[in-house]
Each structure stands twice: as structure tokens, then as C-alpha cells.
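Engineer: can you look at this prediction? I've put the sequence above it.
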Amino acid sequence: LNQPLRVLVTGGAGFIGSALVRQLIRETPHEVLNIDALTYAGNLSSLAEVDQSPRYRFAQADICDQEAIGALFAEFKPDIVTHLAAESHVDRSIDGPAAFIQTNIVGTFTMLSAALDYWRGLDAEAQARFRFHHISTDEVFGALGDEGYFTEETPYDPRSPYSASKAGSDHLVSAWHHTYGLPVVITNCSNNYGPYHFPEKLIPLMIIKCLAGETLPVYGQGTNVRDWLFVDDHAAALRAVFERGKVGESYMVGGNSERKNIDVVKTICATLDRLRPREDGKSYAEQISYVTDRPGHDFRYAIDATKLKTELGWQPRETFESGIEKTIDWYLQHEGWWQEILSGAYRGERLGVG
Ligand code: NAD
């Protein structure tokens, strides 16, 4: 099972992609080609630990660039494609949906076209080994009420420009399997958190705002519920699926850790109270402030990951409590990584976290 594979990762300089690349180099004999356009969300310093490995290569390219992507397929000759490159931030999709349509839909189409051309030229053995693994989100299924879980049978019902663009890409991947026979697998995962998470997302944003003494903006009453998964557990799930998943199938990935947003923020405050107490001795929870809700804010997402667990034997290692402690500890130890982003030093642009 631990046979070396050639894994082409798109979006490997992003949050989840870099966790996957680090894990592949650390824990498997696989070779990795990371293709990333290095948008505002891509950061090569998240890959410093693998940079010198002879099994790791980076190519800066846009997944919408058909010629560049075709040439990289021909040169690297992947056994596996794990497609993570995407525009990923819901709030940005509300303000500017065009980039989401371009990268998430047109980019996925370009990846599928290149993969199909390449796959058709392989011999039978290499064709049987090949997988196009599309990484998607539970947000494509819309919102749940207080009860119920998303499963592999849940109908699509995306509500935001982000989730609609991801749903579109899922359907394209599925169509390339049914129409052209491309061996695909799809995973739909809940919210990830962990080290190297871009500071515009809820958990790192709150940690950093706590430390800066700023108010902690919570949408609405903070009652929206998300399921949280530690990013290294997601990376392990991705490996299980591209190594052993059934062709043409999709798998739900979740952490069994449903939390109201306000409880996530309070957990962060309580953990920081312990690890890095405020100088005035008060709790960071004093900084919480409720702000106008996001338009179309989905109420609850929750995942039933039974199929992944029973068929492929995957289990998350972290609970929400152990994962959040590791994450906060990482942000405290790696201030240089996120300070560089906040100061805009690595992109040459300033980025507010608010
Ligand atoms: P991210 O925003 O941190 O990283 C995205 C990466 O893709 C960046 O490195 C960026 O430079 C790159 N990229 C963007 N546009 C590109 C283009 N046109 N060509 C090449 N590279 C491009 O995202 P993430 O949080 O790591 O998410 C990765 C994938 O997982 C996405 O497809 C996302 O939809 C999915 N997902 C994310 C979560 C989550 O909680 N973060 C949950 C479920 C699924």
C-alpha cells in the first residue's frame, strides 16, 4: 500500500494543500509536484520544511492556463491528481464572485481537460492506477436545521457564490467520470482549522485579534453551527481516499465536532487566558462584539463521515479541544509567519484582518 506514487497537488501553497504536501513528504514515499499560482492565499513559507526534499517540486502556474498545465502533466507524469486550488473565502465571494467562477469552475474544467488528454495516452496499467481527486466542501449541500447530517446522498443546494462555484466544479468532475470514463474521486469536507491558516478565517482571525487587544467580531448572535476538522486529519483522509477510495464515488469528511461560532470564540478565549493571560488579568472574552450577520449565512453544517470510516478505516486523531490547543500554541510560537502576512511583506500588499 505504501508504494511510491507521483502526486500532482494543485493549491499546495494554501492552507490544506500545504498540510497535505508536508504530510506526504513526511509520512509517505510519494513524489509531489505542487502547482500553485500564489494568489494572496498562497504562501511558500508554509512549505519551508519540505523545500529541500528531492521528492518535492514546485511550479508556479495558474490552473486556468491550459498550455502550462498540459506541459506539467506531460513532464511530471502523475499517478494521482489532488485538486485543491480554489478561491476559498465565502466573504470574498460575496464581494467579488468573478474570481470564484474563473478559478473554481473554469480552472477545474482546465484541470479535467488536461487530465483526460494525459490519461488517454497512458498504458492500461497506468490508466488503472490514475485518480483525479477533487477536494470540495460540505457547503455545496446548503444549510441544515437543528437536526440531520450531510451524507453522500444529500442533494446539492449551494447558497453562496463560493459554494455554487464549488458545486459547479463537483458536477464537472462527476461528468468527466460518467461521460469520458476518467477515474475520479470527490471528497466534501467540513471547516478545517490548524497551523498555517490564513488570518482572514474565523479561528486564526480571533486568535490574532485577541493578542492585538482588538474586538472579536462575531456574526449575528454567533449561533451558526459548523463542524470543525483539524487540517492534518483532513490530509490523512485525502490520502485514504486517493490511495484506496472507489472510483466514481464521493466521501464526506468531518470531525464530529459541531460547535456554535460563539462557542468556538469562547474556547479560543479560554485557551488563551490559560496560555497567554491578558496583562490586566481579564478574560479575552471581554473583547467579543456582535456584528451584523453575513447575508445568506447558512445556519448549520454537519457531516456523517460513516462511509469514510467504515470503508477506508479513517478516524480523526484530534478532538476539537486537542486540535484547538495545538493550533493556538502554533500561532503563539509562529508569530513571524502571520505577522509577515499582516504587514503584507510577502505579497507586497497590505491586508487588514477585519
Ligand atoms: P486556500 O485559499 O488556503 O488555498 C488555495 C490555494 O490555491 C492557494 O495557495 C492559492 O494560491 C491557490 N490558487 C488559487 N487560485 C489559483 C489558480 N487560479 N491557479 C493555481 N492556484 C491557485 O484554500 P484552502 O482552505 O487550503 O482550501 C483548499 C481546497 O479545499 C479548496 O478547494 C476548498 O474549496 C476546499 N475546502 C476547504 C475547506 C476549509 O475549511 N478551508 C473545507 C472544505 C474544502
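Structural biologist: Received the coordinates, thanks.

Engineer: what number of residues lie near the residue in the stretch 251-354 of the chain that the ligand sits nearest to?
Structural biologist: Proximity of the stretch 251-354 of the chain to the ligand (Cβ to the nearest ligand atom) peaks at V253, 7.9 Å away. Every C-beta, even on glycine, is put in place using the N, C-alpha and C of the backbone. The tally of other residues near V253 (other Cβ atoms under 10 Å) stands at 28.

Engineer: repeat for Q339
Structural biologist: By other Cβ under 10 Å, the residues close to Q339 number 12.

Engineer: list the buried residues in the helix or strand containing it.
Structural biologist: Secondary structure assignment for Q339, by DSSP states H and E: helix 335-342. Neighbour-count burial for helix 335-342, counted by 16 or more other Cβ atoms under 10 Å, picks out W337, W338, I341.

Engineer: which residues touch the nearest residue to the last one once chain neighbours are set aside?
Structural biologist: Excluding the flanking residues, the one nearest I341 by Cβ to Cβ, 6 or more residues apart in numbering is P199, at 5.9 Å. Listed by Cβ atoms under 8 Å, 6 or more residues apart in numbering, the contact partners of P199 are L205, I208, W338, I341, L342, V353.

Engineer: let me know the pLDDT of the residue of the stretch 251-354 of the chain closest to the ligand.
Structural biologist: At V253, the pLDDT value in this model is 98.

Engineer: just checking, it touches I303?
Structural biologist: Yes. If you go by Cβ atoms under 8 Å, V253 and I303 touch, sitting 6.9 Å apart.

Engineer: shared neighbours of those two, anything?
Structural biologist: N188, C189, S190.

Engineer: circling back to that earlier point, out of the contacts of P199, who's near the ligand?
Structural biologist: Counting by Cβ under 6 Å from any ligand atom, nothing from those sits close to the ligand.

Engineer: JSON lines for the residues you listed, including pLDDT?
Structural biologist: Shown next, in JSON lines, are these (pLDDT from 0 to 100):
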{"residue": "L205", "pLDDT": "94"}
{"residue": "I208", "pLDDT": "96"}
{"residue": "W338", "pLDDT": "93"}
{"residue": "I341", "pLDDT": "89"}
{"residue": "L342", "pLDDT": "89"}
{"residue": "V353", "pLDDT": "47"}
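
Engineer: before we move on, the earlier item: give the other helices and strands that the helix holding Q339 contacts.
Structural biologist: Judged by 3 or more Cβ pairs under 8 Å, 6 or more residues apart in numbering; DSSP states H and E, helix 335-342 is in contact with helix 202-212.

Engineer: give me the contacts around whichever helix or strand comes after the helix it packs on.
Structural biologist: Per DSSP H and E, the first helix or strand lying C-terminal to helix 202-212 is strand 216-219. Contact partners of strand 216-219, identified using Cβ under 8 Å, 6+ apart, comprise 206, 209-210, 261-262, 265, 269, 284, 287-294, 297, 354.

Engineer: and the residues you listed, which are buried?
Structural biologist: M206, K209, C210, N261, I262, V265, C269, Y284, Q287, I288.

Engineer: tell me which of these fall in strands.
Structural biologist: The strands, defined by DSSP state E, take in I288 from these.

Engineer: ok, R259 - contacts?
Structural biologist: Applying Cβ under 8 Å, 6+ apart, the residues contacting R259 are V225, R226, D227, W228, T267, F320.

Engineer: may I have the phi/psi pair for it?
Structural biologist: phi -140, psi 140 (degrees, to the nearest 10).

Engineer: for it, name its beta-bridge partners.
Structural biologist: Under the criterion DSSP bridges, R259 forms beta bridges with R226.

Engineer: and the gap between it and V231?
Structural biologist: Between R259 and V231 the distance is 16 Å, computed by Cβ to Cβ, to the nearest Å.

Engineer: could you do H177 as well?
Structural biologist: Separation of H177 from V231 (Cβ to Cβ): 27 Å.

Engineer: check V264 too.
Structural biologist: 15 Å.

Engineer: one more: Y180?
Structural biologist: Y180 is 32 Å from V231, by Cβ to Cβ.

Engineer: looking at these two, which is more packed in?
Structural biologist: Using other Cβ under 10 Å, the more surrounded residue of Y180 and V231 is V231, with 24 against 14.

Engineer: and the residue in the chain that the ligand sits nearest to, what pLDDT?
Structural biologist: The nearest approach of the chain to the ligand comes at G14, 2.0 Å away (Cβ to the nearest ligand atom). In the predicted model, G14 carries a pLDDT score of 97.

Engineer: that one contacts L84, correct?
Structural biologist: Yes. Using Cβ under 8 Å, G14 is in contact with L84, at 6.5 Å.

Engineer: neighbour-wise, which of those two wins?
Structural biologist: A count of neighbours by other Cβ under 10 Å puts G14 above the other of G14 and L84, at 27 against 24.
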